[in-house]
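> this one's structure only:
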């Protein structure tokens, strides 16, 4: 059984990974700058550590063989922190982004992209066995973008409503992370994670504000889930081409 340290356990994804890991019975430790203010399951050991103070990581990493890393510190702290991690652990799973995916949505330049690329290159040369998780758009972004406007009234003002994304539920990201952390055979893997549907931002807002009436009758009678509109569109794609 792997002994796992979660770095970033108090965040959105790290917290869900921690919660799902505890349900597996895995040996889990969570790093926090303020353990006294961190709530977790009784079986989780919460330890004090700070990515910007690399000497604090040694005690956190003692006896650990696998690290789940969500980077939350300045870029200057990356190299010293990874050096400490590599002295203790054998494996690292890094929550990154689809940096190498050719789709134009993922090729927009930004500071977070540069930082992620820097971290990946250091991990690849660290001597650690590694795997990178590359989730695309988080479904939870809708809470920051649209929830305040929806709570305030019945109008959402937002640019580029026609732009399509495939938002992924953060619980699904965590589920993949747990499998990669607990299983062997993922070394060198780079998993691009998306939700199952390409949806314009307009459709996403509509799904929140005016959900359609949906039944499960097809599945109940036939034993097979009803086909999605995407299934239908895929099957009829040729009929839309000139």
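Yep, it's here. Keep in mind that this is a model prediction, so the values were computed, not measured.

> residue ranges with poor pLDDT in the protein?
Low-confidence segments of the chain (pLDDT under 70): 242.

> Spatially central residue for it, please.
Centroid-nearest residue in the chain, with C-alpha atoms, centre = their mean: residue 173, separated by 4.4 Å.

> Where does that residue sit: helix, strand or coil?
Here residue 173 takes the helix state, with states given by DSSP: H, G, I helix; E, B strand; the rest coil.

> and if you look at residue 191?
Going by three-state DSSP: residue 191 is strand.

> Please enumerate the helices of the chain.
Counting by DSSP state H, the chain has helices at residues 12-24, 57-61, 78-88, 111-124, 141-145, 147-152, 170-182, 201-209, 217-222, 229-235.

> on that earlier part again, OK, contacts around the residue nearest to the centre of the chain?
13, 16, 95, 133, 135, 138, 193 (C-beta atoms under 8 Å, 6 or more residues apart in numbering). No exception for glycine: its C-beta is placed from N, CA and C like everyone else's.

> separation between it and residue 62?
28 Å (C-beta to C-beta, to the nearest Å).

> Make a markdown table out of the contacts of residue 173 and add distance to residue 35.
Listed next are these as a markdown table, based on distance: C-beta to C-beta, whole Å:
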| residue | distance to residue 35 |
| --- | --- |
| 13 | 20 |
| 16 | 19 |
| 95 | 21 |
| 133 | 26 |
| 135 | 27 |
| 138 | 27 |
| 193 | 30 |
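
> Name the nearest of the residues you listed relative to residue 167.
Of all these, residue 138 has the smallest distance to residue 167: 6.6 Å, by C-beta to C-beta.

> Without its sequence neighbours, what residue ends up closest to that closest one?
For residue 138, ignoring the flanking residues on the chain, the nearest one in space by C-beta to C-beta, 6 or more residues apart in numbering is residue 170 at 5.9 Å.

> and that neighbour, how far is that from residue 193?
Note on residue 170: its distance to residue 193, by C-beta to C-beta, is 10 Å.

> Repeat that for residue 139.
For residue 139 relative to residue 193 (C-beta to C-beta), the value is 12 Å.

> Find the residues that touch each one of the two.
By the contact definition C-beta under 8 Å, 6+ apart, residue 139 and residue 193 are jointly contacted by residue 168.

> still on that earlier bit, taking the contacts of residue 173, please make a ChimeraX selection of just the buried ones.
Selection of the buried residues among the contacts of residue 173 in ChimeraX, burial being defined by 16 or more other C-beta atoms under 10 Å:
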select :13,16,95,133,135,138,193
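
> out of the contacts of residue 173, who's nearest residue 51?
Once C-beta to C-beta is applied, the member of these that ends up nearest residue 51 is residue 95, at 13.8 Å.

> Leaving out the residues flanking it, which one is nearest to that closest one?
residue 70 is the one closest to residue 95 (C-beta to C-beta, 6+ apart), at 4.8 Å.

> In contact with that neighbour: list those residues for me.
7, 8, 11, 13, 14, 95.

> What is the neighbour count of residue 31?
27 (other C-beta atoms under 10 Å).

> Thanks a lot, catch you later.
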